[in-house]
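Colleague: With the sequence up front, the predicted model follows.
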Amino acid sequence: MEWKFFSNNPDSSRELAEVLGLPPLVAQLLLHRGLEQAESARTFLNPTLSGLSSPTLMKDMDRAVARIIQAIRTQEKIAVYGDYDADGLTATAVLVTFLQPFFPEILYYIPHRTREGYGLNQGSLSRLREQGATLVITVDCGSSNHEEIEWAKGLGIEVLVTDHHQVGRQGVPRAAAVINPKQEGCRFPFKELAGVGVAFNLVIALRQALEAEGFFQGPKPNLRSYLDLVVLGTVADMVPLTGDNRIYAADGLRVLSDSTREGILALKAVSGIQPSARISAMDVAFRLAPRLNALGRLTEAKEGIELLITGERERARLLAETMDQENRRRQEIEQQLLKEIEETIRTDPGLYQRKCLVLSSEKWPRGILGLIASRLVERWFRPVFLFALEDGLAQGSGRSIGGFHLFKALEELAPRLLRFGGHAAAAGAALKAEDLPFFEQALEALVEKTLPPENFIPTLQVEAEVDFSLLGKSLVPYLPRLAPFGQGNPDPILVTRQVRVKNLRPVGNGHLRLTLENKGITLDGFGFNLGELPLAPGDVLDLAYSVELDSRGGSSFLKLRIKDIQLL
């Protein structure tokens, strides 16, 4: 792996440090995040709910709010139509929870990933109409469902779309309203909301309008209490934790840590998180979200909504335990398939030479292909698309590397695709199985045309070179203010030279726990998937790592999460 250091301007770092009263290292990290002005850096370090963008800036927000208020006045039956991942589930829970006092018989629908696929479909719309629904509100989907929305009109259903996915060349569908910050003409300044963030903006605007029209006889709903759901979906969907998302994440993690929702408490319990623990973005991404996602990957996701909205403790416990079991099953299947696919790649010289990996099988469960594609991208550092084959169709998920916009690539191939959607780094597509050779060749050609050779070299972006002695006084006190870390605001990666291994031991499945020393300072470190490195006590190395604060027994201590090692 190649270590790529940021180019630094010592004068700019010094000036920003002096204005804000920060150590030069922290000022340097802020500059690396594009925060060159003191005011923008100050806002970044102190995210507050008052800094959120106004929902009224979203295109069609006024139409959406007016349509829902009309439905309240006439007591229509409405349905919230979500998606089977954590973002879609939390977005559905936000809307259902807020609207239920006005619509006691509110419906919600989560499509089955394998039988129905992503987004609206005619069968589910027909079933909702049979149950009396005349207004369907989508969350985390709908922007590409032109035909389905026209079909719904014929049934007597109006569709109100809330979504965050890329809008295709067709534009948005002719719905009652389309709320999507990525659509043309939307003045909402922050474009990278998760689906749950878009749904929450609708709730904010709706509460304001309902209050103005006197709908609340008692106290109005406390929207801050919804932030546990908002942060769960936002972090799970891996959108950039910048702008409005950073505010949701920073305040939402506090709400999530103290949440009294029975479903959240049960989910924390099966994830091994103590009730009093302060939850981090990493806890959400690697412990809570995978369990919430597990049902939708292998079976039915609709019970995820029940978990998030139920007030019954025993029911929440049973649902959370089911999710935990399904997540364990998902991990076993994922490991087995990953092993098989990597063996195929290693033994096929033709695959090994390709700039893009497109693979398919009749044996693969569609729900975990995105996860496996992500792992393959990390391992082979090139775009990957995996397809499950069934009944003459190829349906799959893709992941990309920097510099190759996967959604735009699929737009180029649209005439031969049955459907597609997604973002720059992740997308899904369906096509006839007989068209897979065309897809493979065309995508390979686009990757080769777009990416120069250097883009296929795995790199680690390093922020600074420091000694261990600098960490405690110049970085650790400021870590909570730089957090939460995630997409768009990565953990700062640091490098320390001349580190001596004092002790090490393998742990888990190929991981490594080390005790490391640099210039008299000793720290503990943990390296994922580094267990095969030929290390021994006494070895000297250069170390790339991120820094974490761990709290146990009422005290905090520093530990290193090792990213890469270069033996000397």
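Modeller: Received, thanks. Because the structure is a prediction, the values reported are computed rather than measured.

Colleague: can you pull out the helices in the stretch 51-200 of the chain?
Modeller: Listed in chain order, the helices of the stretch 51-200 of the chain (DSSP state H, counting those that start in this stretch) span 61-74, 86-99, 122-130, 146-155, 195-212.

Colleague: okay, now D244: neighbour count?
Modeller: Counted with other CB atoms under 10 Å, residues neighbouring D244 total 23. Using the backbone N, CA and C atoms, a C-beta is placed for each residue, glycine as well.

Colleague: Please identify which helix or strand holds it.
Modeller: Using DSSP states H and E, D244 maps to helix 243-257.

Colleague: contacts for that helix?
Modeller: Outside helix 243-257, the residues that touch it by CB atoms under 8 Å, 6 or more residues apart in numbering are 44, 47-49, 51-53, 189-190, 192-194, 197, 200, 224-225, 227-228, 230-232, 234-235, 239, 241, 264, 277-281, 284, 483-484, 486, 488-489.

Colleague: Generate a ChimeraX selection restricted to the buried subset of those residues.
Modeller: Typed into ChimeraX, the line below selects the buried ones among the contacts of helix 243-257, using 16 or more other CB atoms under 10 Å:
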select :44,47,52,53,190,192,193,194,197,200,227,228,230,231,232,234,235,239,241,264,279,280,281,284,483,484,486,489
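
Colleague: Let's see which of the contacts of helix 243-257 end up in helices.
Modeller: Among the contacts of helix 243-257, the members found in helices (DSSP state H) are F44, G197, F200, L227, D228, V230, V231, L232, T234, V235, I264, A281.

Colleague: Show the pLDDT at the third one.
Modeller: Put plainly, it is F200. Per-residue pLDDT puts F200 at 98.

Colleague: what residues are up against the closest residue in space to it that isn't next to it in sequence?
Modeller: Counting by CB to CB, 6 or more residues apart in numbering, F200 lies nearest to V230, which is 5.1 Å off, once chain neighbours are set aside. By CB under 8 Å, 6+ apart, the contact set of V230 is T90, V94, V196, G197, F200, Y248, G252.

Colleague: hang on, isn't the fifth one packed against R224?
Modeller: It stands for F200. No - using CB atoms under 8 Å as the test, F200 is too far from R224 to be in contact (10.9 Å).

Colleague: before we move on, back to that, from T97, how far out is the residue nearest to F200?
Modeller: Distance from V230 to T97, counting by CB to CB, to the nearest Å: 12 Å.

Colleague: Check F385 too.
Modeller: 36 Å.

Colleague: And T515, which helix or strand is it part of?
Modeller: Per DSSP H and E: T515 is located in strand 511-518.

Colleague: And for F407?
Modeller: helix 406-412.

Colleague: First-to-last residue distance for stretch 159-177?
Modeller: 7 Å (CA to CA, to the nearest Å).

Colleague: Report the mean confidence score over it.
Modeller: 94.

Colleague: Pull out the buried positions in that stretch.
Modeller: Here stretch 159-177 shows 159-168, 172-173, 175-177 as buried, counting by 16+ other CB under 10 Å.

Colleague: if we take the residues you listed, which one ends up nearest to Q461?
Modeller: Q166 (25.2 Å; CB to CB).

Colleague: Tell me how far the nearest residue to that closest one once chain neighbours are set aside lies from R505.
Modeller: Leaving aside its sequence neighbours, Q166 sits nearest to F407 (CB to CB, 6+ apart; 4.8 Å). To R505, F407 is 44 Å away according to CB to CB.

Colleague: which residues sit in contact with R315?
Modeller: E262, E306.

Colleague: same deal with W380?
Modeller: W380 touches I345, L357, counting by CB under 8 Å, 6+ apart.

Colleague: same question, A199
Modeller: A91, T92, V94, L95, V139, D140, T162.

Colleague: Check the gap between it and A281 for me.
Modeller: Taking CB to CB, one finds A199 at 20 Å from A281.

Colleague: for P221, same thing?
Modeller: In terms of CB to CB, P221 sits 26 Å off from A281.

Colleague: Also K363?
Modeller: 35 Å.

Colleague: now do F98
Modeller: 25 Å.

Colleague: pLDDT weak spots in the chain?
Modeller: 551-555 (pLDDT under 70).

Colleague: Pull the distance from the top helix by length along it to the chain's centre.
Modeller: Counting by DSSP H, the longest helix found in the chain is helix 313-347. Centre-to-centre, helix 313-347 and its host chain are 18 Å apart (CA atoms, centre = their mean, to the nearest Å).

Colleague: So for it, what gets flagged as buried?
Modeller: For helix 313-347, a neighbour-count test (16+ other CB under 10 Å) marks 315-317, 319-320, 322-324, 326-327, 330, 333-334, 337-338, 341, 345 as buried.

Colleague: Give me the next element, helix or strand, following that helix.
Modeller: Heading C-terminal from helix 313-347 (DSSP H and E), you reach helix 349-352.

Colleague: Using CSV, write down the CA coordinates of that next one.
Modeller: The C-alpha trace of helix 349-352 is given here as CSV (Å, rounded to 0.1, in the frame of the first residue of the first chain):
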residue,chain,number,x,y,z
PRO,A,349,-5.3,-15.1,-15.0
GLY,A,350,-7.9,-13.4,-17.2
LEU,A,351,-9.9,-12.1,-14.2
TYR,A,352,-6.7,-11.0,-12.5
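
Colleague: List of residues touching the helix or strand following it?
Modeller: Using DSSP H and E, the next helix or strand after helix 349-352 towards the C-terminus is strand 357-361. For strand 357-361, the external contacting residues (CB under 8 Å, 6+ apart) are 341, 344-345, 351, 376, 380, 382-389, 394, 396, 433, 436, 439-440, 443-444.

Colleague: ok, and for strand 357-361, which residues are buried?
Modeller: L357, V358, L359, S360.

Colleague: Same check on stretch 120-134?
Modeller: Buried positions in stretch 120-134, judged by neighbour count with 16+ other CB under 10 Å: L120, N121, S124, L125, L128, R129, A133, T134.

Colleague: Reformat those residues as a markdown table; add distance to Q28.
Modeller: Output for the buried residues of stretch 120-134, formatted as a markdown table (distance: CB to CB, whole Å):
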| residue | distance to Q28 |
| --- | --- |
| L120 | 48 |
| N121 | 50 |
| S124 | 52 |
| L125 | 53 |
| L128 | 54 |
| R129 | 58 |
| A133 | 54 |
| T134 | 57 |
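
Colleague: and the closest residue in space to Y226 that isn't next to it in sequence, how many neighbours does it have?
Modeller: Of all residues not flanking Y226 in the chain, V94 sits nearest, at 5.6 Å (CB to CB, 6+ apart). Counted with other CB under 10 Å, residues neighbouring V94 total 27.
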